[in-house]
Each structure stands twice: as C-alpha cells, then as structure tokens.
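# Need coordinates for the below:
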Amino acid sequence: MANGNIVNYTAEGKIRVDVVIGVDYNSDIKRTKAVLMEALSSHPSVLKNPQPFVGVSELADSSINFVVRPYCKPEDYWQVYFDTYENAKLALDKAGIEIPYPHMVHISQ
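Down below sits the predicted model:
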C-alpha cells in the first residue's frame, strides 16, 4: 500500500457498485459471465470507462458466486445498484441459468 497509488474514483465522478450473484453449480461459468456482462453493458447509467467487471468470487456451499462490479456516476449509484440485481435476474432467467435457493422439506408423521 505504501508504494501503490490509491485512486479516489468518487472525486473523479465515478463510483463502483459491488453486487454478488450466485448461480447453480450446473451453470457454465463463461456463459454466465457473458450474460451478466451484457446485462451491465446495456444499462444506460453504467460507465464504459472503467469497464464493468464480472468474475467468480467464491465456490460456496450451494452456488458459484460472481462479483458484479459496474461503475457509475455517484448520483446514479442506487439506481444502478437495484437495477443490477433486477437486470441480472431477468438476463439469467432468459438464458436458462438458475439461481439456487433453499428448499424446505416437510415431513409428516
């Protein structure tokens, strides 16, 4: 840290939105990344520079977790934050990529 540069993107009129989205282990990683990147790139408030980022962040208990990081203007932060979740879900649904969720099992006696 002492030898590195710290860039304050907020002062430059840019802020990063951090979102984590988990998909089923049967999902193709490269295809999922492409679908999520397209969902980011098509949003009018997501900046082209710096480029949005999508990458695998964790192989969790029941999902492959992707970190999804678009940049936007600070005043657009919350709209981009909420739209990222919504647009990702819609894009994943359209592509047939499932998001896992806990299943409840009822046992009757």
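
# give me every residue that touches residue 99.
Going by CB atoms under 8 Å, 6 or more residues apart in numbering, residue 99 touches 21-24, 63, 89, 92. Where C-beta positions appear, they are placed from N, C-alpha and C, glycine not excepted.

# Restrict the residues you listed to the buried ones and give me that as a PyMOL selection.
Remark: buried members of these, expressed as a PyMOL selection using 16 or more other CB atoms under 10 Å:
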select buried, resi 21+22+23+63+92
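
# I'd like the contacts of residue 99 as CSV, with distance to residue 5 and pLDDT appended.
Formatted as CSV, the contacts of residue 99 follow (distance: CB to CB, whole Å; pLDDT from 0 to 100):
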residue, distance to residue 5, pLDDT
21, 30, 97
22, 33, 96
23, 34, 97
24, 39, 96
63, 34, 95
89, 36, 97
92, 36, 97
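
# Closest to the centroid, which residue in this structure?
By CA atoms, centre = their mean, the chain has its centre lying nearest to residue 68, at 2.7 Å.
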